[in-house]
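Participant: Need a 3D model of the following:
(one chain, ligands or ions: 1)
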Amino acid sequence: MSNVVKLALIYYSSTGTGTEIARTMAGAAEAAGAEVRVRKVAELAPQAAIDSNPLWAAHDAATADVPAPTPEDLSWADAVIFGSPTRFGNIAAQLKQFFDTLSPLWQAGGLADKVYSGFTSAGTRQGGHESTLLAMYNTIHHFGGIIVPPGYTDPVKFVDGNPYGTSHHAVWGPDLGSIDDDTRNAARHQAERVVRIARALKPKSAT
Ligand SMILES: Cc1cc2nc3c(=O)[nH]c(=O)nc-3n(C[C@H](O)[C@H](O)[C@H](O)COP(=O)(O)O)c2cc1C
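Facilitator: Numbering: from 1, shown residues only. This is a model prediction of the structure:
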C-alpha cells in the first residue's frame, strides 16, 4: 500500500466558480504530495435551460472533457472534497443526485473512515454559504466520514472568514466564474490541510 494520499475533488458548477476553486485545490493538493482526481458532476438540467444562459452554456462546453465522478472514485480516495454552488441555501440538485447513487457503496461500508471537506459559492454575501456547507456535511455524517473543516487554522481564514469551508461570493457580471486571491488562498489552505490530515490517518505501508 502506498503512503501517497489519494484525493478526489468532486464538484458541480454551472458558471465556472466551482471549477476555479477545484482547480486551485487540485494544484495545492498535488504540490502537497497527493494524487488527485478532479471530477465534475454531470448536468441534470435540460439543454434548453443551459443554453438560455450564455455563461452556463460556455462553461458546460469548456468542461466537457472533465470526467464525471463514479462511486469508484470514492472507493479509491482517502480524502474527498465536495463542491457545490449555493441553490436556495442548499447544495445543487446535481451533486445531491450523485450522492443518491452512492447507496450501495454506503451499505457496504465503503464511504466511512475517509476524510471529507467541502466548498461552495453564492451569488450574494450572506445568501447561504454556511447553510450549503452544513447541508453538504449532513450527508457526510451518514457516510461515517471524518469531516475536516478549515476552521480558523491559518491567518488566511480570518480574511475569507468561513470556518466551514472555502466559499466565494460569485458576483453576477463579467467576472462570474473567476475567483479572487482571498478565495484562492482559502482554497489552497483547505486542500493542504485535508491532505495533511488524511496522510496522518492513513495506515503506513510496510517497508
Ligand atoms: C436556482 C438557483 C438558486 C440560487 N440560490 C442562491 C442562494 O440561495 N443564495 C445565493 O447567494 N445565490 C444563489 N444562487 C446563485 C449561485 O449560488 C451562484 O450563481 C453560484 O455560486 C455560481 O457558482 P458556479 O459559477 O460554480 O456555478 C442561485 C442560483 C440559482 C441558479
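
Participant: Quick check: whichever residue of the chain sits closest to the ligand vs R39, distance?
Facilitator: Closest residue of the chain to the ligand, CB to the nearest ligand atom: G127 (2.2 Å). Every residue, glycine included, has its C-beta placed from N, CA and C. Distance of G127 to R39, computed by CB to CB, to the nearest Å: 26 Å.

Participant: next one: H189
Facilitator: To R39, H189 is 22 Å away according to CB to CB.

Participant: Repeat that for A26.
Facilitator: Per CB to CB, A26 is found 11 Å from R39.

Participant: Need the overlap of contacts for these two.
Facilitator: L9 (CB atoms under 8 Å, 6 or more residues apart in numbering).

Participant: start to end distance for stretch 94-109?
Facilitator: In stretch 94-109, first residue to last residue: 23 Å (CA to CA, to the nearest Å).

Participant: right, is that stretch up against the ligand?
Facilitator: No. With CB under 6 Å from any ligand atom as the criterion, the ligand is not reached by stretch 94-109; the gap is at least 10.1 Å.

Participant: Next, the buried residues of that stretch.
Facilitator: In terms of neighbour count (16 or more other CB atoms under 10 Å), stretch 94-109 has its buried residues at 94-96, 98-99, 102, 105-106.

Participant: again with stretch 127-138
Facilitator: Of the residues in stretch 127-138, those buried (16+ other CB under 10 Å) are 128-133, 135-137.

Participant: could you dump those residues to TSV with pLDDT and secondary structure?
Facilitator: Formatted as TSV, the buried residues of stretch 127-138 follow (pLDDT from 0 to 100; DSSP: H, G, I helix; E, B strand; the rest coil):
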residue	pLDDT	secondary structure
G128	98	coil
H129	98	helix
E130	98	helix
S131	98	helix
T132	98	helix
L133	98	helix
A135	98	helix
M136	98	helix
Y137	98	helix
